[in-house]
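Below are the sequence and a predicted model for it; my questions follow.
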Amino acid sequence: MPSETAPQKTILRALRGENLPIPPVWMMRQAGRYLPEYRATRAQAGDFLSLCYTPDMAAEVTLQPIRRYGFDAAILFADILLLPQALGADLWFVTGEGPRLSTITTPAEMAKLKSADDVHETLAPVYETLRILRGALPNETTLIGFAGAPWTVATYMIAGRGTPDQAPAHALMNEDRATFDALIERITEGTIGYLSAQIEAGAEVVKLFDSWAGSLKGDAFNRYAVAPARQIISALKTRYPHIPIIAFPREAGQGYVGFAKATGADCVALDNSVSAEWAAEHVQCDGCVQGNLAPGHMVTGGADLVRETQRIVRAFSAGPHIFNLGHGITPDANPDNVALMIETLRTPLAD
Ligand code: CP3
C-alpha cells in the first residue's frame, strides 16, 4: 500500500518544488541496449515481451543502471504497449523494426476490446516487478511507474505500428470521430486503473509518455493531449494525492506553456527541441521541470557533453529541476558518456 513518506529522496523533493543545489538525475531508457548487462539479460529472456512479463528479469534490468551509475530514480522496466495488449490487441516486436499490433479502426474492432477493468490479469507480472523493486532498491532511489498517454497509445493501436507522422490516427480522428473518441476513452480508463495498480504495488511517482503529442495542433492538442492527461491526473490525485505525476507531451513546443497548470501535473518533462533557457522562463515558472539534454551527446561525449550538461544545469538553477535527456538514450550510446554526464552534474559549478 502507498504510504505518506517523508520526502527525503531527492527526486521526490524536486517534484514537491524544492530547488536542490545538485539536480537529481535519471535517464529515459536507462535500462536498455547500450548496456552490455541489459543485452545479456535480454538474451536470456529470449525476446523483449518475455523480459517485460518475467518479474525477476524485468526487476534485474531495472536495477542494472542503478548499480552501475547510482541514478536517483529507477523506472519500471515495461512498455507503453502492454496496456493495448491487456485490452485485447495482439502485440509482437519485429527485431530491428519495432512493435506490431492488430489494428482498431472500426466500431466492430472497438467492440471486441476488453473493458478497462479487465486489464489486470495480463498486467499482474508488471505489478509483481514493482513489488520486487520496492524491496530491492537502495533507500535513496525513487521508483517511477509509467504508462503511455492515450493519444500516443492510440496512434499505435490504430496504425498497428509506429508511424512517422501518425497519419492513420489523424485520419480516423477526422473520418470516424465516434470510434476515435471511444478508443481514447477506453485507453484513458485503462490507464487510470493501470497506474493506480502500479501505485498500489509500490510506484512512488508515475509518468505519462505522450511521445507523439507534437503532431496534435490547436484544438486537437487541447482535446487529445491536455484533456486525457487532466482526466487521468485528476482521477489519480483523488485516490493518491501524495503521488507526484510527471507529464511528457513530447515536441509540444508552445504547448508546454501552461501544460502543468492545465493538467495538474507536478512536473513537465521537456524534449530537446526547446531550449533550457526558454523553458526556464516559460515552463519552470509553474513548477518542476525534467530534461532536456539531447540524447546524441551520449553517443558523442567529450567537451560538448560537459558543456551542454552545465548549460542545462545553469539554465534551470533558479527552480526545481530533475536532470534527464530530451528523449530515450539510444542503443549506440557509450556507457562511459553516461558516467561523464553524472560526474559533471555532481561537480559543483565554479560560479
Ligand atoms: O525508460 C525505461 O528504461 C523504461 C522502460 C521503457 C521502455 N519503453 C522499454 C523498451 C519505457 C518507459 C518505454 C516507453 C515507450 N515504449 C514509449 C514512450 C517513450 C518514447 O520512447 O517515446 C514508446 C513510444 C514505446 C513503444 C516502443 N517500445 C517502441 C516504438 C519500441 C521499439 C523501438 C526500439 O527502441 O527498439 C519499443 C521497444 C522497447 N521498449 C525497448 C525498450 C528497452 C527496446 C527493446 C529491445 O530490447 O529490443
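Noted; the coordinates are in hand. Numbering: from 1, shown residues only.

Residue of the stretch 1-150 of the chain closest to the ligand, please.
G98 (3.8 Å; C-beta to the nearest ligand atom). For every residue, glycine as well, the C-beta is placed using N, CA and C.

Flag every residue of the stretch 51-200 of the chain that's near the ligand.
Residues of the stretch 51-200 of the chain lying close to the ligand by C-beta under 6 Å from any ligand atom are 75, 77, 79-81, 98-99, 146, 148, 162.

make it 5 Å
Residues of the stretch 51-200 of the chain found near the ligand (C-beta under 5 Å from any ligand atom) are 75, 79-80, 98, 146, 162.

Mind picking the lowest-pLDDT entry from these?
Note: of these, the lowest pLDDT belongs to G98, at 94.

In the stretch 151-300 of the chain, which residue sits closest to the ligand?
Proximity of the stretch 151-300 of the chain to the ligand (C-beta to the nearest ligand atom) peaks at S211, 3.2 Å away.

Give me the distance between that residue and D176.
S211 sits 23 Å away from D176, going by C-beta to C-beta, to the nearest Å.

what do you get for L91?
23 Å.

Only the buried residues of the helix ranked longest in the chain, if you could.
If you go by DSSP state H, the chain has its longest helix at helix 177-201. Neighbour-count burial for helix 177-201 flags 179-180, 182-184, 186-199, 201 (criterion: 16 or more other C-beta atoms under 10 Å).

picking up where we left off before, got a list of what the nearest residue to the residue of the stretch 1-150 of the chain closest to the ligand once chain neighbours are set aside touches?
Leaving out its chain neighbours, the residue that sits closest to G98 by C-beta to C-beta, 6 or more residues apart in numbering is G162, at 5.3 Å. Listed by C-beta atoms under 8 Å, 6 or more residues apart in numbering, the contact set of G162 reads 98-99, 155-156.

ok so, going back, pull up the gap between the residue of the stretch 151-300 of the chain closest to the ligand and P107, please.
For S211, the distance to P107 (C-beta to C-beta) stands at 27 Å.

more neighbours, these two?
Higher neighbour count among S211 and P107: S211, with 22 against 11, using other C-beta atoms under 10 Å.

Now do the contacts for the more buried one.
Contacts of S211 (C-beta under 8 Å, 6+ apart): 80, 148, 152, 248, 250.

what does the stretch 251-351 of the chain have sitting close to the ligand?
For the stretch 251-351 of the chain, the contact set with the ligand under C-beta under 5 Å from any ligand atom comprises G328.

residues in contact with the closest residue to the ligand within the stretch 251-351 of the chain?
Closest to the ligand within the stretch 251-351 of the chain is G328: 4.5 Å, counting by C-beta to the nearest ligand atom. By C-beta under 8 Å, 6+ apart, the residues touching G328 are 27-29, 32, 295.
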